[in-house]
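Novice: Need coordinates for the following:
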Amino acid sequence: MRIDLYFHDYKDKSETNRTIEVLNIFLNQQIVMNNYSSVYNSISFKFLNNPSKKREAKVRLPYGVHPEVEILSTFNENEVLSVETFQHALQMIQEAVVRIPEAPSKEEFDFDVEGLIKDIMVATKNAPSSVEALKYLENNQKKLTLQNRTNFRLRVVENFRKDPRPLDTELIGVRIADDFFYKDEEVGYYKNMLEIIISDVLRRYDILLPRYQEIFLELVGSLEESTEINFQKDDWFQYTPAIFDYEKFKQSSKPEKEQIFIDSLIYGLRYITDFDHLEKEKMESAIGYIQKHKLQTPLIYMTKENEEYEVNIQYKVTSIVGNLIKANYDLYIRQKASGEERVLSLGTFQPFFVPYALGTIRLTKKQVTIKGRSGLRAEIYRMSEKAPSEHKFQFQELFGK
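Specialist: Take a look at the predicted model:
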């Protein structure tokens with residue numbers, strides 16, 4: 001469980017206290033890998049320093065995220081590291097734990113009050129006893145905070161592994177989260193291309209998710225660098241680490257770069273499949289399809305069929321420049337009785353605007369008609385792309401008698 005400490009001083013309006021900040025690091029070192037509730041993975045304590053005499057300490061549930069217990073305090077010198085303040089604040093937190101079940105939750109929740117108190121008592125025995133020890137925590141704040149966040153992610157992932165959730169939500173799409181996009185055009189290119197491709201393929205293979213709708217593939221150099229994880233029941237997306245060797249990527253040939261990028265994303269897909277109990281057989285089939293076609297993966301735009309013919313429009317992304325995406329669209333017509341297939345080019349369009357040119361499929365026994373949307377905007381777009389308002393194809397001309 002992650003512990004978040006907040007601070008507000010009513011006297012000088014300060015929102016930080018140096019000692020409370022290092023206490024936050026120390027407490028999470030001791031607590032973050034332990035579980036105390038099956039509902040909440042985090043809890044916060046807010047120190048209200050120098051409050052008015054009428055101010056009462058409350059237990060809240062801000063945004064329904066997790067319980068927040070207020071603690072009234074009278075600490076002095078917020079800019080000074082103090083062993084006395086550290087120990088006093090730790091004791092106040094221990095005493096405040098018993099109030100956690102008072103959080104105004106709409107649903108009942110379990111919380112191991114005795115377990116958390118016991119672990120804080122153990123932490124108290126290991127607490128820093130000198131200003132030098134506090135300075136060590138402060139000087140290594142960035143590294144220690146990263147370690148705590150990594151450990152918290154591992155704890156939440158393990159919780160998901162042990163407690164499968166129903167796969168009841170259709171996937172909307174996949175996004176790639178990274179720190180390279182605005183610094184490296186090559187990374188941005190593969191990112192944009194593969195977000196579109198993987199999203200389409202996973203939807204096609206009917207990948208279902210537990211509660212959330214999107215997967216965020218987090219490009220990181222190692223599993224230890226991965227710190228992002230969502231753990232609230234109403235989160236609409238989930239992170240998964242995609243191990244990406246950036247230095248190797250930059251030194252590789254173009255085909256190798258494509259493979260390195262795809263392999264990193266596949267790692268992330270398999271990782272989330274494992275810890276969130278996604279359907280492994282479906283995911284591996286989707287991965288196999290992506291591995292086979294890579295950036296040339298054909299994507300499905302629309303499908304229609306009747307007793308004699310199966311028709312679908314497929315597209316392949318050909319270029320991405322900034323936010324401008326272009327794709328080639330082809331019409332695939334398969335005659336069910338013979339198994340014969342015909343492929344016809346429909347043109348190159350921007351996926352966002354393609355409904356203006358290719359809005360609907362109408363299928364009869366004699367022909368298939370692809371018609372663009374009506375309206376002024378649609379007409380203007382078709383004129384700019386020199387595209388017709390509709391395409392008609394006679395089956396007899398394509399397949400004979």
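
Novice: which secondary structure element contains F7?
Specialist: In this assignment (DSSP states H and E), F7 forms part of strand 2-9.

Novice: contacts for that strand?
Specialist: Strand 2-9 has contacts (C-beta atoms under 8 Å, 6 or more residues apart in numbering) with 14-17, 20-21, 23-24, 27-28, 31-32, 41-50, 68, 78, 93, 148, 152. The way it works is simple: take the backbone N, C-alpha and C, and place the C-beta from them, glycine included.

Novice: of the residues you listed, buried ones?
Specialist: Among those, the ones that count as buried by 16 or more other C-beta atoms under 10 Å are 17, 20-21, 23-24, 27-28, 31-32, 41-50, 68, 78, 93, 148, 152.

Novice: where does the stretch 1-150 of the chain have low pLDDT?
Specialist: Across the stretch 1-150 of the chain, nothing is flagged by pLDDT under 70.

Novice: mind redoing it with 80?
Specialist: For the stretch 1-150 of the chain, the stretches with pLDDT under 80 are 63-65, 106-107.

Novice: Let me see the ranges of the helices in it.
Specialist: 18-31, 83-96, 113-125, 131-139, 141-162 (DSSP state H, counting those that start in this stretch).

Novice: buried sites along the second one?
Specialist: Neighbour counts using 16+ other C-beta under 10 Å place 83, 85-87, 89-90, 93-94, 96 of helix 83-96 among the buried residues.

Novice: which secondary structure elements does that helix contact?
Specialist: Secondary-structure packing of helix 83-96 (3 or more C-beta pairs under 8 Å, 6 or more residues apart in numbering; DSSP states H and E): helix 18-31, strand 42-49, strand 68-73, helix 113-125, helix 131-139.

Novice: try 10 Å this time
Specialist: strand 2-9, helix 18-31, strand 42-49, strand 68-73, helix 113-125, helix 131-139 (3 or more C-beta pairs under 10 Å, 6 or more residues apart in numbering; DSSP states H and E).

Novice: now do the shortest one
Specialist: Helix 131-139 sits against helix 18-31, helix 83-96, helix 141-162, with contacts defined as 3+ C-beta pairs under 10 Å, 6+ apart.

Novice: repeat that with 8 Å
Specialist: helix 18-31, helix 83-96.

Novice: what angle do it and helix 18-31 make?
Specialist: 80 degrees (axes from the mean of the first three to the mean of the last three C-alpha atoms, to 10 degrees).

Novice: which residues touch helix 131-139?
Specialist: Helix 131-139 is contacted from outside by 18-19, 21-22, 25-26, 81-83, 86, 128, 144, using C-beta under 8 Å, 6+ apart.

Novice: can I get those residues in JSON lines with distance to P298?
Specialist: What follows is those, written out as JSON lines (distance: C-beta to C-beta, whole Å):
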{"residue": "R18", "distance to P298": "58"}
{"residue": "T19", "distance to P298": "60"}
{"residue": "E21", "distance to P298": "53"}
{"residue": "V22", "distance to P298": "55"}
{"residue": "I25", "distance to P298": "50"}
{"residue": "F26", "distance to P298": "54"}
{"residue": "L81", "distance to P298": "61"}
{"residue": "S82", "distance to P298": "65"}
{"residue": "V83", "distance to P298": "66"}
{"residue": "F86", "distance to P298": "61"}
{"residue": "P128", "distance to P298": "60"}
{"residue": "L144", "distance to P298": "48"}
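
Novice: before we move on, back to that, now distance to Y246 too, for the helices and strands packed on helix 131-139, in TSV please.
Specialist: Converted to TSV, these look like this (distance: least, C-beta to C-beta, whole Å):
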stretch	distance to Y246
helix 18-31	29
helix 83-96	39
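
Novice: Redo the helices and strands packed on helix 83-96 as JSON lines? Include distance to K162.
Specialist: Supplementary listing: these in JSON lines, determined by distance: least, C-beta to C-beta, whole Å:
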{"stretch": "strand 2-9", "distance to K162": "18"}
{"stretch": "helix 18-31", "distance to K162": "19"}
{"stretch": "strand 42-49", "distance to K162": "18"}
{"stretch": "strand 68-73", "distance to K162": "27"}
{"stretch": "helix 113-125", "distance to K162": "17"}
{"stretch": "helix 131-139", "distance to K162": "31"}
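
Novice: Redo the helices of the stretch 1-150 of the chain as JSON lines? Include distance to K282.
Specialist: Listed next are these as JSON lines, based on distance: least, C-beta to C-beta, whole Å:
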{"stretch": "helix 18-31", "distance to K282": "37"}
{"stretch": "helix 83-96", "distance to K282": "46"}
{"stretch": "helix 113-125", "distance to K282": "39"}
{"stretch": "helix 131-139", "distance to K282": "46"}
{"stretch": "helix 141-162", "distance to K282": "18"}
